[in-house]
Structure formats: C-alpha cells, structure tokens
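1. please find the sequence and the predicted model below.
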Amino acid sequence: MSDAAIDLTPSAAERVATIATKQGKPAILRLSVEGGGCAGFQYRFGLADVVESEDEVAERDGVRLVVDPVSLDLVRGSAVDFVKSLGGASFQVTNPNAASGCGCGTSFSI
C-alpha cells in the first residue's frame, strides 16, 4: 500500500474491528482534521456508518479507513496505527506532511 493516499496498519484495523463489533457498527474508521489543538491542527477519529462518495478509502482486513477530501490534503501519505504504551492506548497518525507536533500526539502543524 505504499502508493496509497493513506494507510491503515494491521494493529489499527484489528482495533477498529473490535470496537465496531462491540458497538454493532460497520468497521469504518473516519479520520478528519480540524483547526485547533496546541499545534494548529488536530486529528479526529470516529466510527462512520457509511462511506461518502468523495471519501478516500484505504482497506485492510475488511476494515475501511475513510478521509474526506479537505482532510486528505493534510494527511496524504500518512499511516494510521493503534499503539499501546505505558501512557495508554490510542490511534496515532504518522504524517509526513507535519512540520511539527505536540506532546499529546493528536495535534500538528504544517
């Protein structure tokens, strides 16, 4: 998937599938970018009910990651992962377009 606009790691796909099953929803994770956060932009994650016609879609193991066109401009080439550490567990974006980030890992600047 190296040529994909965005990628979903196996760990993230497994976590989305687990959450979706528990909530009785489709295994569709929506990533969006909003203004705000301590570095200028922040990532937002949520389960989606449907894939919109303009969404970019990455799929792994039956799980879909969807990104709207405006957000895609800010995260193109990124990978979404699910990481467990001593500080907790969370979805994280490895974004090659980010010039800087912040300690919380959910905020970035271009």
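-> Looks like it arrived, so ask away.

2. so what does the lengthiest helix in the chain touch, helix or strand wise?
-> Assignment by DSSP state H gives helix 10-23 as the longest helix of the chain. Here helix 10-23 touches strand 28-36, strand 40-47, strand 56-60, strand 63-67, strand 78-85, going by 3 or more Cβ pairs under 8 Å, 6 or more residues apart in numbering; DSSP states H and E. All C-beta spots, glycine's among them, are computed from the backbone N, C-alpha and C.

3. run the chain-centre distance for that helix.
-> Mean-position distance between helix 10-23 and its chain equals 13 Å (Cα atoms, centre = their mean, to the nearest Å).

4. quick check: which of the helices and strands packed on helix 10-23 is buried the most?
-> The highest average neighbour count among these, using mean count of other Cβ atoms under 10 Å, belongs to strand 63-67 at a mean of 23.

5. what's the average pLDDT for that strand?
-> Mean pLDDT, strand 63-67: 96.

6. just how off-centre is that strand within its chain?
-> With Cα atoms, centre = their mean, you get 8 Å for strand 63-67.

7. now it against helix 10-23, angle please.
-> Counting by axes from the mean of the first three to the mean of the last three Cα atoms, to 10 degrees, strand 63-67 lies at 100 degrees to helix 10-23.

8. other residues contacting strand 63-67?
-> Applying Cβ atoms under 8 Å, 6 or more residues apart in numbering, the external contacts of strand 63-67 come out as 5-8, 12-13, 16-17, 20, 27-32, 48, 51-52, 55-59, 75, 80.
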